[in-house]
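> let's see this in three dimensions:
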Amino acid sequence: MSEGKIIADKQGHLGRVIFDNPEKHNAMSKPMWDALAETMHDFDADADVRVIVLEGAGEKAFVSGADISKFESERANAARIKEYGVSVNRAYASVQYALKPTIAKIGGYCYGGGMGIAICCDLRICSDNSSFCIPAAKLGVGYGHENTKVLLDLVGPSFTKEIFYTGRRFNAQEARSMGLVNHVVASTELDGYVDDYVNTMADNAPLSLKTTNLIVNELLKEEDQRNIALCDQLVDECAASQDIEEGRRAFMEKRKPVFAGR
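Okay, here's the model as predicted:
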C-alpha cells in the first residue's frame with residue numbers, strides 16, 4: 001500500500017493542495033501534516049497564487065482524520081504524541097493564518113483532523129453526500145484549545161459542544177444549518193461550483209482580499225490583542241495602490257479590471 005502524500009498543484013492564480021491517500025480515505029500521517037504546512041507557506045510566498053483550494057484525492061473523502069495505522073509509530077508514548085501535536089498545530093496555523101484566501105473543497109468524509117483543516121479555511125464548500133465528525137470523545141482524546149476556538153468562532157458554543165459531546169456524524173445539510181459550511185451542492189456540480197468561486201475571487205484585487213483576510217483575523221482576537229495599527233496600514237496600502245486606480249479606470253471605461261496585486 002502506497003504512503004500518503006500532499007500534492008501541490010499550481011494552475012494560473014490557483015494553488016491546489018491535494019490530500020493524496022485515497023486507499024485510506026486521505027487519512028493524515030505526520031509527514032503529511034508537515035508537508036501541508038510547507039506547501040501552504042510556499043503558496044503564500046508565491047505572488048502568482050491568489051487563491052488556495054484544499055481538497056482530497058478521489059471522490060470519497062476530503063480527509064478522514066489521522067492514519068490509525070501509524071499510531072504505534074507516531075503516537076507510541078506521551079513524547080511522541082506531543083511531537084505529533086506540534087506538527088498538527090503547525091499545519092492548522094499555516095491554513096488559518098494564510099495570507100491568501102483558502103477554500104476547503106469537501107467531497108465525502110471530513111472527520112477528525114480533516115474537519116480541523118476545513119474549519120481553518122476561509123470558506124467551506126461541500127457536496128451533498130459529505131459528512132462531518134470529530135470523534136475525540138470516542139477515542140479518549142483531549143482536543144486542543146486552539147482548534148476548538150476556531151470551531152467555537154464558527155458555529156458557537158452550543159453546536160461546538162454537541163459536535164464534541166456526541167462524536168456523531170453530521171450530514172451536509174446539518175453542517176450548513178449550523179454554519180459549519182458556506183454552501184452545499186450536488187456532488188456532480190462540486191468541481192464547477194468551486195472553479196467558479198475561484199475565478200471570481202482570483203479576478204478581484206489581491207490587496208483587497210489580503211486586507212479583508214487579515215482584518216477579520218485581527219477582529220477575531222480578544223480586543224486587547226488586536227493590532228488595529230496593522231488594520232489601518234493595510235487599508236492605507238490599498239488606497240495608495242495601482243490596483244485602486246485600475247479599479248476606478250475600469251469602472252469609468254465599463255470594462256473588467258485587470259489587477260496586478262500592487
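> for Asp236, give me its contacts.
If you count contacts by C-beta atoms under 8 Å, 6 or more residues apart in numbering, Asp236 has none. All C-beta atoms are positioned from the backbone trio N, CA, C, and that covers glycine.
> which is the next helix or strand following the helix or strand it falls within?
Using DSSP states H and E, Asp236 sits in helix 228-239. Sequence order places helix 242-252 as the next helix or strand after helix 228-239, per DSSP H and E.
> quick one: that next one to chain centroid distance?
31 Å (C-alpha atoms, centre = their mean, to the nearest Å).
> kindly calculate the angle that that helix makes with helix 228-239.
Using axes from the mean of the first three to the mean of the last three C-alpha atoms, to 10 degrees, the inter-axis angle of helix 242-252 relative to helix 228-239 is 50 degrees.
> quick check: longest helix of the chain.
helix 145-166 (DSSP state H).
> sec struct for Tyr197, please.
Of the three states, Tyr197 takes helix according to DSSP: H, G, I helix; E, B strand; the rest coil.
> ugh, typo on my part, it should be Tyr84
Tyr84 - assigned by three-state DSSP - is helix.
> neighbours of it, just the number please.
Under the neighbour criterion other C-beta atoms under 10 Å, Tyr84 is assigned a count of 19.
> doesn't Pro31 make contact with it?
No. The pair Tyr84 and Pro31 fails to qualify as a contact (C-beta atoms under 8 Å) at a distance of 11.0 Å.
> who's in contact with the residue positioned nearest the centre of the chain?
Geometric centre of the chain, nearest residue: Cys121, 2.4 Å, by C-alpha atoms, centre = their mean. The neighbourhood of Cys121, defined by C-beta under 8 Å, 6+ apart, consists of Leu54, Val95, Thr102, Ile103, Ala104.
> farthest pair within the residues you listed?
Across those, the longest distance by C-beta to C-beta is 10.8 Å; it joins Val95 and Ile103.
> between these two, what contacts are shared?
With C-beta under 8 Å, 6+ apart, Val95 and Ile103 have common neighbours Leu54, Cys121.
> low-confidence stretches in the stretch 51-200 of the chain?
Where the stretch 51-200 of the chain drops to pLDDT under 70, the residues are 69-77.
> please enumerate the helices of it.
71-74, 78-96, 113-120, 136-139, 145-166, 172-177, 190-202 (DSSP state H, counting those that start in this stretch).
> now those helices in JSON lines, with distance to Ile215?
Shown next, in JSON lines, are these (distance: least, C-beta to C-beta, whole Å):
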{"stretch": "helix 71-74", "distance to Ile215": "37"}
{"stretch": "helix 78-96", "distance to Ile215": "15"}
{"stretch": "helix 113-120", "distance to Ile215": "18"}
{"stretch": "helix 136-139", "distance to Ile215": "32"}
{"stretch": "helix 145-166", "distance to Ile215": "15"}
{"stretch": "helix 172-177", "distance to Ile215": "26"}
{"stretch": "helix 190-202", "distance to Ile215": "17"}
